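Trainee: Okay, sequence plus prediction incoming.
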Amino acid sequence: MQELETMAVYAAQNRLQGPSRQRNSLLKPLDIILEELDRCPEPDNPNEIALVRAGTKRMIFDYLDRIADTDYKPGRTKQEKINHYVDLFFDEVLGKAHGGKVNKLLDRERLLRSAYLFYFSEALPHAVKTPVSVGDSTTNDASN
């Protein structure tokens, strides 16, 4: 699903995640949206969906603010990125890929989380290992 991949790559590029690279941490922003959709009393009501959309934008921002270092608190730019992320979910993943049907989307929640995590992880920069030379001078020489 191209829409979900676009959303996951956007999240990875803009560090919309929890404090670590653990599964739950990477999924946290998506989890916030899915949990609130699951709690929605009238998923077919556009006003309820608009409420969930607005509320999750703030909830994700509050979460990222809570876990951020005091020197690096999120501001307007991060809020704009969160807004775009949530809009991608509602416009593309829910609206386009699932025809606006919340229950249809929630029926596939487990698969969506797994695919999102795969796309997110693939978009993360991978650590480059620096090779150590054999004659490295940091080893202790017993002949001293």
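Mentor: Looks like it came in fine. Residues are numbered from 1 along each chain as shown.
Trainee: now the helices: where do they sit in this structure?
Mentor: In the chain, the segments counted as helices under DSSP state H are 2-13, 23-39, 46-67, 76-88, 102-107, 109-123.
Trainee: From the chain's centroid, how far away is the second one?
Mentor: Put plainly, it is helix 23-39. Relative to the chain's own centre, helix 23-39 is displaced by 9 Å; criterion: Cα atoms, centre = their mean, to the nearest Å.
Trainee: Now do that helix: everything it contacts.
Mentor: With Cβ atoms under 8 Å, 6 or more residues apart in numbering as the test, helix 23-39 has contacts from 11, 16-19, 43, 52, 55-56, 59-60, 63, 82, 85-86, 89, 94, 102, 105-106, 109, 112-113, 116-117, 120-121. The way it works is simple: take the backbone N, C-alpha and C, and place the C-beta from them, glycine included.
Trainee: Just the buried residues from those residues, in ChimeraX please.
Mentor: Of those, the buried ones go into a single ChimeraX selection, burial set by 16 or more other Cβ atoms under 10 Å:
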select :11,16,17,18,43,52,56,59,60,63,82,85,86,89,94,102,105,106,112,113,116,117,120
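Trainee: Quick one: low-confidence residue ranges for the chain.
Mentor: Within the chain, the segments meeting pLDDT under 70 span 126-144.
Trainee: give me that answer again for 50
Mentor: Per-residue confidence for the chain (pLDDT under 50) gives these ranges: 127-130, 137-144.
Trainee: Could you report the separation of L4 from I82?
Mentor: When distance is defined by Cβ to Cβ, to the nearest Å, L4 is 17 Å away from I82.
Trainee: Just give me the neighbour total for the residue nearest to Y116 when sequence neighbours are not counted.
Mentor: Among residues not flanking Y116 along the chain, A8 sits closest, at 4.8 Å (Cβ to Cβ, 6 or more residues apart in numbering). The tally of other residues near A8 (other Cβ atoms under 10 Å) stands at 26.
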